[in-house]
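*Asks:* compute the structure for the input listed below.
(chains A, B and C)
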Amino acid sequence: MILGVAIDTPLRRIFDYRVSAGQPSPPHGGRVWVPFGRRRVVGIVIEYREHTEVPAGKLRDIHACIDTEPVFDPQLLKLLLWSAEYYRHPVGEVLAAALPAALRAGAPLREELRVWRLTEAGRRQAMTQLSARATRLRSIVEYLAHRDAAPASDILQAAGASMEALHRLAARGFVEWQQPVAETASSGTVHPGPSLNDAQQAAVEHIAACLGGFSALLLQGVTGSGKTEVYMQAIAAVLARTGQALVLVPEIALTPQLVSRFRERFDLPMAVLHSGLSDGERLAAWRQAQLGQVHIVIGTRSAVFAPLPRLGLIVMDEEHDPSFKQQDGFRYSARDLAILRAQRLDIPIVLGSATPSLESLLHARRQPETLLRLPRRAAGAKPPRLSLVDLRNQPQTQGLATATVQAIDRHLRDGGQVMLFLNRRGYAPVMFCPGCGWTAQCRRCDAHLTVHGRGTQLACHHCGNRQVVAELCPLCSTMLKPVGQGTERIEETLGLMFPGVALARIDRDSIRRKGELEAVLTRINDNEVRLLVGTQMLTKGHDFPNVTLVVVLNADQGLFSTDYRASERLAQTIVQVAGRAGRAQRPGEVLIQTEYPDHPLLTKLLTGGYEAFAEGALQERERSGWPPFARIALLRAEAPTPAAAMQFLHAARDAAQAGGLLACAQDTNQSALRGLRLLGPAPAPMERRAGRFRAQLLLQAPSHGPVQKFLAGWLPILETLPASRQVRWSIDVDAQELF
DNA sequence: AGCACGCCGACT
DNA sequence: GTCGGCGTGCTC
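*Replies:* As a prediction, this is how the structure comes out:
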């Protein structure tokens, strides 16, 4: 019998192994130990065959089976195999990404029920009575001597012994096993939620009516409209049918507060899955999910692969968030895979957002019955009033326009809280020489160094490189000057303008440890802090009931980007930040500082809100042939020299030409590659990063069929290109950021 | 990615 | 005379 085995390696193929007739054969989707080169690795069986093309001299036997049951159920395995193919990523790495590290390393699938310990006799006499030559037995005793009890797998691994050795010790009365204490089951009740408004009620009823079949529902609710409440009541309906629910959120930062709201409502076993867990915690959560012991799983991106035997509903919160697309390695979109998973399981998925992705809006436009709207804020709070502050015609102090300062002062005196949003951490983005125009650049990136610590330190935000700042210009010895504003400097300026007003800054530099964010948020909600400055961190999900004024300090950054998605991101950010204002009784005000008050993005957003902006953006995308009206993939390359990266991409392009792949694309009749184009290669917008030069080649087609067809023919050729050895290259299907 | 083999510079 | 640099070749 021949097994097709997926191995955690960047090689884009599976490896065939033999299993002899007498050996126990592992299940499909189960793990095996196999010899691989000179290593012994864990692989996952994904094919059973009678024959193989592999020459007999190369074919090897598997070493051992690890599992008697699959680690991935057939549905999940199929989804993973599909993903590997779709994202053109090596299967072994894809399967590894979906498995907790412990299982990747060969840990048992099921938690071991037995723990082994030394008996009293073993503790006193084993070392003296055991033969000096029984090294394995002695090391087991030694291992157990300084701990209470341990599962067999730990003991055997540490002692390098086999189960037989443990049994021999048991026979001599030196060790014994016992069942660990069973966990207490939770009561399994769902507390009633608050009463819903009409829109919420309609949404919950609609979702509940969809249970048991596939539908992709967009829950478009303005910030503060009570989306979480809708999720929870919809989940209650699934639980009532004994189903499991999967809740996906963009960031770990959002999980603690969401989890605590869920725990208050659901007195049921739940699990949390995110990158902040230890290997042991992740393994435990994964096992509980797989055994169906937990009813709800809340997790970040990779939780889309969580094993859930009775999955009945998927909820994806902040569905538009870019962190649902993995940005390195296996570049999957958790959003797209969650929809696919729901479709294959024939269950509904709820995509929630105040600022839906254009993909979701297009889908809702084509199938209006899938759109659920929450147009009003839940607690009867009024929507915030947005206005622009024209930076061209008034004096500013350190990036704060006079009108802005006056507004801040007014809100503070009225007893409100003020939040300032600036997507730029540090003190100043540039260190500049007034004498000769020199600026401090990163040695390894095409970027300015950012000034930190009131001008005492320089740091590169792209490669992490840090250095102490020189006071004088290295060229002309003039005193250097920090130019522009970051959150640190805004904090300093506000401190001088509003002495005595308690101030907090929230960004990656000020929030270092776990729990620090929570602590600051508590101080804010207790009204201890009146002025808040922060980056993205402020925009995501947190509730600030006392904030009455929100200021967006530099909206202009995203207005003229080359990235086709930048304007969508900017609009989403502005609307999300604006949504932080006036969530309780007091009405909110939002000020957006700009040099371009007539820019269509801003005027659309102000007069018609996110929907008007999105409408315009969709028309623009349709006209120019970008997603969601087309599909793209990006071939990225990075190398120690700019020439090497470009050479590889040119070679890749030529190879497509030579292989006839592009000729088909230009053929106007029924070619499978119709309408496909290659654009570039071109250097990345920031060509040099961390000392490596980056370039990209863009693939564009009217639908994903041609993209897939093209990549299937192209990738095997790329692997054989001589130029590929000089570069690190990767393919990004449905790329979201153009480098 | 690992890991080993293999052929040229500064050291016990 | 050896330790060790990373080029290149392979993994069923």
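
*Asks:* could you pull out the helices for the stretch 251-400 of chain A?
*Replies:* Taking DSSP state H, counting those that start in this stretch as the criterion, the stretch 251-400 of chain A carries its helices at A:255-265, A:279-290, A:334-345, A:358-366.

*Asks:* for the residue of the stretch 551-700 of chain A found nearest DNA strand C, grab the count of nearby residues.
*Replies:* Closest contact between the stretch 551-700 of chain A and DNA strand C, by Cβ to the nearest atom of the strand, is at A:Pro640 (9.9 Å). C-beta coordinates here come from the backbone N, C-alpha and C atoms, glycine included. For A:Pro640, the count of nearby residues is 13 (other Cβ atoms under 10 Å).

*Asks:* for A:Pro482, same thing?
*Replies:* 23.

*Asks:* excluding covalently adjacent residues, which one is nearest to it?
*Replies:* Take A:Pro482 and drop its neighbours on the chain: the residue closest to it by Cβ to Cβ, 6 or more residues apart in numbering is A:Ala428, 3.6 Å away.

*Asks:* quick one: the helices of the stretch 251-400 of chain A as CSV, columns for distance to A:Gln417 too.
*Replies:* Shown next, in CSV, are the helices of the stretch 251-400 of chain A (distance: least, Cβ to Cβ, whole Å):
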stretch, distance to A:Gln417
helix A:255-265, 18
helix A:279-290, 36
helix A:334-345, 33
helix A:358-366, 32
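
*Asks:* can you tell which of those helices is closest to DNA strand B?
*Replies:* Of the helices of the stretch 251-400 of chain A, nearest to DNA strand B by Cβ to the nearest atom of the strand is helix A:279-290, at 16.0 Å.

*Asks:* I figured A:Ile66 hits A:Ala105, correct?
*Replies:* No: using Cβ atoms under 8 Å, A:Ile66 is not in contact with A:Ala105; the gap is 10.4 Å.

*Asks:* anything in contact with each of those two?
*Replies:* Common contact partners of A:Ile66 and A:Ala105 (Cβ atoms under 8 Å, 6 or more residues apart in numbering): A:Val42.

*Asks:* now do the contacts for the residue of the stretch 201-350 of chain A found nearest DNA strand B.
*Replies:* Nearest residue of the stretch 201-350 of chain A to DNA strand B (Cβ to the nearest atom of the strand) works out as A:Gly329 at 9.7 Å. By Cβ under 8 Å, 6+ apart, the contact set of A:Gly329 is A:His89, A:Glu93, A:Ala97.

*Asks:* over to A:Glu359?
*Replies:* Applying Cβ under 8 Å, 6+ apart to A:Glu359 gives the contacts A:Pro627, A:Pro628.

*Asks:* and the gap between it and DNA strand C?
*Replies:* Distance, A:Glu359 to DNA strand C, using Cβ to the nearest atom of the strand, to the nearest Å: 37 Å.

*Asks:* partners of the residue nearest to A:Pro482 in the sheet?
*Replies:* A:Val451 (DSSP bridges).

*Asks:* now do the helix ranked longest in chain A: which elements does it pack against?
*Replies:* Identified as the longest helix of chain A according to DSSP state H is helix A:600-624. Here helix A:600-624 touches helix A:358-366, strand A:385-390, helix A:566-578, going by 3 or more Cβ pairs under 8 Å, 6 or more residues apart in numbering; DSSP states H and E.

*Asks:* these: which one's closest to A:His704?
*Replies:* Closest approach to A:His704 among those (Cβ to Cβ): helix A:358-366, 12.5 Å.

*Asks:* between that closest one and helix A:334-345, how big is the angle?
*Replies:* On the basis of axes from the mean of the first three to the mean of the last three Cα atoms, to 10 degrees, helix A:358-366 is oriented at 40 degrees to helix A:334-345.

*Asks:* between helix A:600-624 and helix A:358-366, find me the angle.
*Replies:* Per the same axes, to 10 degrees, the angle that helix A:358-366 makes with helix A:600-624 is 70 degrees.

*Asks:* next one: helix A:358-366 to chain centre, how far?
*Replies:* How far helix A:358-366 lies from its chain's middle: 22 Å, per Cα atoms, centre = their mean, to the nearest Å.

*Asks:* same check on stretch A:393-409?
*Replies:* With Cα atoms, centre = their mean, you get 37 Å for stretch A:393-409.

*Asks:* what's the answer for stretch A:545-561, then?
*Replies:* 24 Å.

*Asks:* neighbouring strands - and their directions - for the top strand by length along chain A?
*Replies:* If you go by DSSP state E, chain A has its longest strand at strand A:677-689. Counting by DSSP bridges, the strands paired with strand A:677-689 are strand A:692-701 (antiparallel).

*Asks:* what sits up against the helix or strand just after the strand it pairs with?
*Replies:* Once the chain leaves strand A:692-701, the next helix or strand it forms, by DSSP states H and E, is helix A:704-720. For helix A:704-720, the external contacting residues (Cβ under 8 Å, 6+ apart) are A:12, A:86, A:88, A:631-633, A:635, A:652, A:655-656, A:659, A:661, A:665, A:672-676, A:699, A:701, A:724, A:729, A:731, A:733.

*Asks:* could you tell me which of the residues you listed are located in helices?
*Replies:* Using DSSP H, these in helices are A:Tyr86, A:Ala652, A:Ala655, A:Ala656, A:Leu661, A:Ala665.

*Asks:* any idea which of those is closest to DNA strand B?
*Replies:* For the ones in helices among the contacts of helix A:704-720, the nearest to DNA strand B is A:Ala652 (17.1 Å; Cβ to the nearest atom of the strand).

*Asks:* what's the closest non-adjacent residue to the closest one?
*Replies:* Closest residue in space to A:Ala652, ignoring its immediate chain neighbours: A:Leu718 at 5.6 Å, by Cβ to Cβ, 6+ apart.

*Asks:* pull the number of nearby residues for the one you found.
*Replies:* As a burial measure, A:Leu718 scores 20 neighbours (other Cβ under 10 Å).

*Asks:* same check, this time on the one 10 residues further on
*Replies:* Using other Cβ under 10 Å as the criterion, A:Arg728 is surrounded by 14 other residues.
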